[in-house]
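**Q** How does the following fold in three dimensions:
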Amino acid sequence: MTYHTKTLDLVALGEAMVEFNQRPHALADDAPLYQQGFGGDTSNAAIAASRAGARVAYLTRLGTDRWGDRLMDLWQRENVDTTAVLREQQAPTGLYFVSHDAQGHHFSYARAGSAASRMQPQDLAHWQDAIASSQWLHLSGISLAISASACDTAFAAMTHARNSGTRVALDSNLRLSLWPLARAQACIRQAVSLCDLFLPSLEDMTALTGLSQAQDIVAWSHAQGAAQVVLKLGSDGALVSDGHSLRHLPGHVVTAVDATGAGDCFAGNLLARLSASDDLWSATAYANAAAALSVQGYGAVGPLPPPEAVLTVLNALSQGTPQ
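**A** Numbers count the residues shown, from 1 in each chain. All right, here's what the predicted structure looks like:
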């Protein structure tokens with residue numbers, strides 16, 4: 001293993017997208033209104049980490065279209081390093097739409113053939129220095145699912161990270177609209193074997209493994225090779241294991257208006273705090289509070305909270321006062 005000077009806290013790899021999020025208003029003819037924003041799970045996590053004070057870079061391919069330009073502008077505003085972002089003339093930047101009803105939020109995607117889906121293992125030549133120079137590499141199930149070549153690229157990046165003394169974090173983020181269940185099971189199981197920190201959700205893991213009990217899912221994750229596991233339980237918080245101790249950290253009671261990107265907010269804040277040398281339990285408590293704040297606004301990026309807002313919640317809890 002070759003260790004490098006860690007000048008970054010987090011590099012994230014995946015697909016960034018342009019978001020159109022339905023607002024709770026309508027025109028006179030009842031046509032829905034959509035607010036343009038940005039999304040993509042690992043991009044959301046990268047921005048969340050940067051807002052939390054981490055040194056962050058993003059790795060992807062973008063179209064050379066207007067939307068790609070807008071994403072580059074966003075990352076630069078959010079202090080996310082874009083040096084290694086590749087631009088693709090032959091493919092567009094992906095889009096998605098979020099609609100809301102009594103059952104929650106629903107996604108529709110226009111991402112087939114996107115620039116990010118054309119990632120190739122040889123792209124690692126542009127990204128290996130950033131990966132080796134970071135404390136963490138963050139990926140997700142979506143990073144693996146968008147194409148076979150993107151999956152190969154993700155595995156190459158994880159292998160390079162492990163060879164460079166960079167820890168690997170993986171968010172399950174299962175999207176069965178992107179790939180068959182059998183392939184998702186095989187690829188995510190292999191990815192878990194390469195990660196230091198696994199961030200699954202209860203819903204994802206029930207679909208992937210058939211397990212429904214939180215402790216069984218944590219045990220399964222360790223058995224695949226993950227040293228640390230933080231099982232996201234939504235409003236119920238998280239079940240956290242370092243392989244020796246198992247703790248449930250409760251969530252927060254809030255009025256949620258849009259859960260888009262809440263798990264990404266959780267991941268980014270967790271990794272930012274781990275990079276700042278918090279222990280796993282403290283970092284998860286911080287991430288729980290950040291995610292609770294993020295669901296109180298619309299869109300994946302806009303509601304990502306700054307540290308002072310998160311600390312206000314945590315201080316109120318420590319003093320036993322209402323949030």
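**Q** Helices along the stretch 1-150 of the chain, start to end?
**A** 41-51, 66-77, 124-132, 141-145, 148-163 (DSSP state H, counting those that start in this stretch).
**Q** which stretches of the protein have low pLDDT?
**A** The chain contains residues with pLDDT under 70 at 1-3, 24-30, 255-256, 258, 318-323.
**Q** Sort out which residues of stretch 302-321 are buried, please.
**A** Pro303, Leu304, Pro305, Val310, Val313, Leu314, Leu317 (16 or more other C-beta atoms under 10 Å). Placement of C-beta: from N, CA and C, glycine included.
**Q** got it, and stretch 193-213?
**A** Those would be 194-202, 204-205, 208-209, 211, for stretch 193-213 by 16+ other C-beta under 10 Å.
**Q** Regarding that stretch, how distant is the last residue from the first?
**A** Taking C-alpha to C-alpha, to the nearest Å, stretch 193-213 runs 21 Å from one end to the other.
**Q** ok so, going back, quick one: which of the buried residues of stretch 302-321 is nearest Val257?
**A** Pro303 (9.0 Å; C-beta to C-beta).
**Q** residues in contact with the biggest strand by length in the chain?
**A** Identified as the longest strand of the chain according to DSSP state E is strand 17-26. Applying C-beta atoms under 8 Å, 6 or more residues apart in numbering, the contact partners of strand 17-26 are 32-40, 43, 67, 70-71, 93-100, 109, 111, 114, 257-258, 260, 298-301.
**Q** Could you export the buried residues of stretch 302-321 as TSV, including distance to Val56 and secondary structure?
**A** TSV is the format used below for those (distance: C-beta to C-beta, whole Å; DSSP: H, G, I helix; E, B strand; the rest coil):
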residue	distance to Val56	secondary structure
Pro303	18	coil
Leu304	12	coil
Pro305	16	coil
Val310	17	helix
Val313	22	helix
Leu314	22	helix
Leu317	27	helix
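**Q** now, among those, which is nearest to Asp236?
**A** For the buried residues of stretch 302-321, the minimum distance to Asp236 (C-beta to C-beta) is 15.9 Å, reached by Leu317.
**Q** Can you give me the distance of that closest one to Ser193?
**A** Look at Leu317 and Ser193: by C-beta to C-beta, to the nearest Å, they are 36 Å apart.
**Q** Next, Gln228: phi, psi?
**A** Main-chain torsions, Gln228, degrees, to the nearest 10: phi -130, psi 140.
**Q** Surely it and Leu239 touch.
**A** No. Judged on C-beta atoms under 8 Å, Gln228 makes no contact with Leu239 at a distance of 11.9 Å.
**Q** Would you mind putting the helices of the stretch 1-150 of the chain into JSON lines with mean neighbour count alongside?
**A** Formatted as JSON lines, these follow (neighbours: other C-beta atoms under 10 Å):
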{"stretch": "helix 41-51", "mean neighbour count": "29"}
{"stretch": "helix 66-77", "mean neighbour count": "16"}
{"stretch": "helix 124-132", "mean neighbour count": "18"}
{"stretch": "helix 141-145", "mean neighbour count": "26"}
{"stretch": "helix 148-163", "mean neighbour count": "20"}
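**Q** can you tell which of those is closest to Ala291?
**A** Comparing the helices of the stretch 1-150 of the chain under C-beta to C-beta, the one sitting nearest is helix 41-51, at 9.1 Å.
**Q** relative orientation of that closest one and strand 17-26 in degrees?
**A** With axes from the mean of the first three to the mean of the last three C-alpha atoms, to 10 degrees defining the directions, helix 41-51 sits at 90 degrees from strand 17-26.
**Q** So what's the gap between helix 41-51 and the chain middle?
**A** Remark: helix 41-51 is offset 7 Å from the chain centroid, using C-alpha atoms, centre = their mean, to the nearest Å.
**Q** how about the CA coordinates for that helix, as CSV?
**A** Extracted C-alpha coordinates of helix 41-51, given in CSV (Å, rounded to 0.1, in the frame of the first residue of the first chain):
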residue,chain,number,x,y,z
ASP,A,41,-26.6,11.5,-4.9
THR,A,42,-22.8,11.7,-4.7
SER,A,43,-22.8,15.3,-5.8
ASN,A,44,-25.3,16.2,-3.1
ALA,A,45,-23.1,14.4,-0.6
ALA,A,46,-20.0,16.3,-1.8
ILE,A,47,-21.8,19.6,-1.4
ALA,A,48,-23.1,18.7,2.0
ALA,A,49,-19.6,17.8,3.1
SER,A,50,-18.2,21.0,1.7
ARG,A,51,-20.8,23.1,3.5
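**Q** Does anything pack onto it? Which helices or strands?
**A** The elements that helix 41-51 packs onto, with contact taken as 3 or more C-beta pairs under 8 Å, 6 or more residues apart in numbering; DSSP states H and E, are strand 8-13, strand 56-59, helix 66-77, strand 80-81, strand 134-140, helix 141-145, strand 167-171, helix 262-275.
**Q** Using CSV, lay out these together with distance to Phe155.
**A** As requested, the helices and strands packed on helix 41-51 are exported to CSV (distance: least, C-beta to C-beta, whole Å):
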stretch, distance to Phe155
strand 8-13, 11
strand 56-59, 14
helix 66-77, 25
strand 80-81, 23
strand 134-140, 9
helix 141-145, 8
strand 167-171, 11
helix 262-275, 19
